[in-house]
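> no sequence on this one, just coordinates:
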């Protein structure tokens, strides 16, 4: 029998649960692995955000709402004509996705970085513009692992697509490295 998930990450944040950066890094590595699986099948989610991650601290994570996923719309002549910009949720959208409605897997890298930052801090940061990313420290801890986590979030949320990590495998590897560093 399939277990029902307790909540979305959004609700978890709203209920003032403050996981450690290590917990968020571990969950992020799992999510990155799942997204890499999708990317390997040529699926891009295009709407990763706390509302679309179902969460149970005692169970698995689930990525929900693939409704604007690239695999759903890539063969649609009508939607290709209509997809000109503003596709996704503004705060979590990379600049290229917001401008054109299109992105590759690095759009999901950006959105996951924004989501992990919000999950660990409990808030959205004011952004100068869509796709501006995270330029400040996510966590104040000065351990080697926390420093690596901060650098990774900044790297994942770079404004320029070419400046971000290229795959979710790289994201998962860097999250696991931060955890090992402690």
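Looks like it came in fine. Note that this is a predicted model, so its numbers are computed, not measured.
> and the longest helix along the chain, how far out from the chain's middle?
What stands out as the longest helix in the chain, according to DSSP state H, is helix 21-40. Put simply, helix 21-40 sits 9 Å off its chain's centre (C-alpha atoms, centre = their mean, to the nearest Å).
> What residues sit buried inside it?
21-22, 24-29, 31-32, 34-36, 38-39 (16 or more other C-beta atoms under 10 Å). In short, each C-beta sits where N, CA and C put it, glycine included.
> tell me the mean pLDDT for it?
For helix 21-40, the mean per-residue pLDDT is 96.
> That one - contacts with which helices or strands?
Here helix 21-40 touches strand 62-63, helix 105-121, helix 144-156, helix 168-181, going by 3 or more C-beta pairs under 8 Å, 6 or more residues apart in numbering; DSSP states H and E.
> what angle separates it from helix 168-181?
Relative orientation of helix 21-40 and helix 168-181, computed by axes from the mean of the first three to the mean of the last three C-alpha atoms, to 10 degrees: 160 degrees.
> any idea of the angle helix 21-40 forms with helix 105-121?
Going by the same axes, to 10 degrees, helix 21-40 makes 160 degrees with helix 105-121.
> which outside residues touch helix 21-40?
19, 44-45, 48, 53, 55, 60-61, 63, 69, 71, 105, 108, 112, 116, 119-120, 138-139, 141, 145-146, 149, 167-169, 171-172, 175-176, 178-179, 182 (C-beta atoms under 8 Å, 6 or more residues apart in numbering).
> do that again at 7 Å, thanks
Contact partners of helix 21-40, identified using C-beta atoms under 7 Å, 6 or more residues apart in numbering, comprise 45, 53, 61, 63, 105, 108, 112, 116, 119-120, 139, 141, 146, 149, 167-169, 171-172, 175-176, 178-179.
> following that helix, which helix or strand comes up?
strand 53-55 (DSSP states H and E).
> Relative to that following strand, what are the paired strands and their orientations?
Neighbouring strands of strand 53-55 in its sheet, by DSSP bridges, are strand 7-8 (antiparallel), strand 62-63 (antiparallel).
> Tell me how far it lies from the chain's centre.
Counting by C-alpha atoms, centre = their mean, strand 53-55 comes out at 12 Å from the chain centroid.
> now swap in stretch 58-67 and tell me
Using C-alpha atoms, centre = their mean, the offset of stretch 58-67 from its chain centre is 12 Å.
> what does the average pLDDT come to for that stretch?
pLDDT averaged over stretch 58-67 gives 82.
> With stretch 129-143 instead?
The pLDDT scores in stretch 129-143 average 89.
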